[in-house]
Structures are given as structure tokens and as C-alpha cells.
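Asker: Here is my input, please return the structure:
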Amino acid sequence: MSFAYSSIQTRQEDGVLFATLAADPLNLLGVDLVRDLVSLVGTLYDDPGDVRVVVIESASDGYFSAHVDLTAIPQYTAEAAKAGGPGDASLGMFLYKLAHVPVITIAKVRGRARGGGNELALACDMIFASRENAVFGQFESGTGALPGAGGVQHLARRLGRTRAIEAIAGADDFDADLAERYGWINRALPDAELDGFVERLAKRIAGFPPAGVKAAKRAVNDLTLAAPAAVRSDAATFVGLVGLPETQERLTDLANRGLQKPGDVERDLGRAVAEFDDGGH
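Answerer: Model (predicted):
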């Protein structure tokens, strides 16, 4: 058993693995981070040792994970495919595997979790967030695409039809309080209380007999998670839409204004996607 990675810091305590995303500055889901996440999930399936709960968090207060690396979609997809083979070559199907991992997973979110970063959090069993600092969003529709890694499936089930359409088609940012009210996350907590709350809950669950915890997760997953065919369909639709000329034009505009770099666009991406100027065409 080994939990050593280049872009994820780890520590283990009382049956809990704390996995801290450390792909500065934005924790983009690119080649390195996806490769390390695939390795982590593979170990949790094959040889978890005494790990019963995994807490996924970020080394950056500003970003849990901004989104996927839009300059490396084929490359990170190739890494994601290693989780299940070329027949499931998508980030969505890797995150589907994460959702079924035989331990409890908790996303602890400070900063921004958007696009694929939000889908990473949604693939976890629970999400707890900093009331002051967490922001959630699926911005893809603002560029002409759609969430392709499970966002549609998870949000439709968590939020209900009308709120899911608001969140996905509106492509705007949700602060932690609104995300909590909508059912996007479990709880928004004061930032000063977030670490202690998550650690106590994780260690509490890790101290229970694992067979019962695993059975509970399997039973809930069977009732609530999407079928693989739905995840595969969203992934294929994302790939098709992201290649369209209008989508590429909008992504290029965002890139020219600072997408994938620390700054105003990434801090306020929900606003930025609505400010596209097509030059009057």
C-alpha cells in the first residue's frame, strides 16, 4: 500500500486518509492531478490497508479545483481511461468509479469548485464547505458545452429538475449558503469550524465496523447514482460540444481574458462567462 503522489499530499490518522490537492495554483484537473487521482482510487480499491474514510481537500484556500485543464482534454482523458480501460475513456467514468470506491469519501471545500472540480466534489459521498470561502458552479453552458463528468447526473438528483436547470443552464456561481439550501452540499460551516467538524465526522465513521458502513454506502448508491450509460452519454456530448466553433470562440475569449490563470476571471467565472463580446456579429 502506497499513498505517495506528486500533486496530492497525504497523511493518515485513525483510519482516515487526508488527501490534499496540491496542483498549484488552481488545482486544474489536468494530466498530473488526474493521474494521481486515478492511482489513489486504484489503491483504495486494491489495497486500502486500514483506510476507512478519505477526506479530499485543497492546499489552496482560493481553489478546491477550478475546473479541468481545457488545454489538455485528450491528455487528461487518456489518464482517466487507465481507471477502467479505453472503453471508459472519460473523466466522467473515472469519477463514477470514485463514487463507488469501497470507503467513505468526503470533499472539504474551501475556495472555488467549478466544472470538473465541482464534479470531483459531487463524486464524493459528502461535501462540507466553508461558508465564507466556498463557491460552486458548472459554467460549461456559458461556453456552449455542458457538464460532461457527472455534473448533470448528480445535480439533477440532488437539486431536482428546476433547480438543476437553473444551476446548469444558468452557469452562475453559488456561494456555500445557497448551495446548502439547494441541497448541492451537505452543510456550509463557518470556516473556523470546518476542519474540526470534518475530522471528527471522518474519524467517527472510520471507527465503526467497516462491513456495515460499506453496506450502507452500496445500498444508497444503488438507489441514487446514475447508470453508467448516462455518464458515458454526457461525456460524449461534452466532447462534441466543446469542439463546436462557437464554444471554441467563447473559450478563446475567456483564455484571452485570463482563464486558467489566477485572477479576476477565475475568481468570478460565473460573471465572466456572461460577458462574451462577439464583436456585434
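Asker: And the pLDDT at the residue nearest the centre of the chain?
Answerer: For the chain, the residue nearest the mean C-alpha position is Leu120 (1.8 Å; CA atoms, centre = their mean). Leu120 is assigned 98 on the pLDDT scale.
Asker: That one contacts His67, doesn't it?
Answerer: No - assessed by CB atoms under 8 Å, Leu120 is found out of contact with His67, at 9.9 Å. C-beta: built from backbone N, CA, C; applies to glycine.
Asker: hmm, back to that, quick check: next helix or strand after the helix or strand hosting the residue nearest to the centre of the chain?
Answerer: Leu120 belongs to helix 116-123 when assigned by DSSP states H and E. Of the helices and strands lying after helix 116-123 in sequence (DSSP H and E), the nearest is strand 126-130.
Asker: Contacts for that next one, please.
Answerer: 104-111, 121, 136, 176, 179-180, 184-191, 194, 197-198, 201 (CB atoms under 8 Å, 6 or more residues apart in numbering).
Asker: And stretch 205-223, by the same measure?
Answerer: Contacts of stretch 205-223 (CB under 8 Å, 6+ apart): Asp14, Gly15, Val16, Arg52, Val53, Ala99, His100, Pro102, Val103, Ile104, Asp125.
Asker: out of those, who's nearest Thr162?
Answerer: Nearest to Thr162 among the contacts of stretch 205-223, counting by CB to CB, is Ala99 at 24.2 Å.
Asker: Low-confidence ranges, the stretch 101-250 of the chain, go.
Answerer: The model of the stretch 101-250 of the chain has no residue with pLDDT under 70.
Asker: Run through the strands of it in chain order.
Answerer: Here the stretch 101-250 of the chain has its strands, by DSSP state E, counting those that start in this stretch, at 104-109, 112-114, 126-130, 135-137, 174-175, 187-189.
Asker: will you turn those strands into JSON lines that also has distance to Ser58?
Answerer: Listed next are the strands of the stretch 101-250 of the chain as JSON lines, based on distance: least, CB to CB, whole Å:
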{"stretch": "strand 104-109", "distance to Ser58": "8"}
{"stretch": "strand 112-114", "distance to Ser58": "9"}
{"stretch": "strand 126-130", "distance to Ser58": "11"}
{"stretch": "strand 135-137", "distance to Ser58": "13"}
{"stretch": "strand 174-175", "distance to Ser58": "17"}
{"stretch": "strand 187-189", "distance to Ser58": "16"}
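Asker: tell me the most buried of those?
Answerer: strand 112-114 (a mean of 30; mean count of other CB atoms under 10 Å).
Asker: Okay, now the sheet partners of that one, with direction.
Answerer: Strand 112-114 has its sheet partners listed here by DSSP bridges as strand 63-65 (parallel), strand 135-137 (parallel).
Asker: from the middle of its chain, how far away would that strand be?
Answerer: 8 Å (CA atoms, centre = their mean, to the nearest Å).
Asker: circling back: roughly how far does the residue nearest to the centre of the chain sit from Ala22?
Answerer: Distance, Leu120 to Ala22, using CB to CB, to the nearest Å: 14 Å.
Asker: thinking again about what came up before, ok, and the closest non-adjacent residue to the residue nearest to the centre of the chain?
Answerer: Ser65 (5.7 Å; CB to CB, 6 or more residues apart in numbering).
Asker: For that neighbour, give the beta-bridge partners.
Answerer: Following DSSP bridges, Ser65 is listed with bridge partners Ala113.
Asker: Report pLDDT for it.
Answerer: pLDDT, Ser65: 98.
Asker: quick thing: my sequence starts at 57, can you match it?
Answerer: Sure, I'll start counting at 57 from here, so that last one is Ser121.
Asker: gap between the two ends of stretch 74-92?
Answerer: End-to-end distance of stretch 74-92: 14 Å, with CA to CA, to the nearest Å as the criterion.
Asker: Distance to Ala185 for the strands paired with strand 168-170 - can I get that in TSV?
Answerer: Formatted as TSV, the strands paired with strand 168-170 follow (distance: least, CB to CB, whole Å):
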stretch	distance to Ala185
strand 119-121	9
strand 191-193	8
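Asker: wait, which of those strands is closest to Glu331?
Answerer: Closest among the strands paired with strand 168-170, using CB to CB: strand 191-193, at 15.0 Å.
Asker: Which parts of the stretch 157-306 of the chain are helices?
Answerer: Here the stretch 157-306 of the chain has its helices, by DSSP state H, counting those that start in this stretch, at 172-179, 207-215, 217-226, 232-238, 247-262, 266-280, 284-298, 301-313.
Asker: Please consider this matter closed, and thank you.
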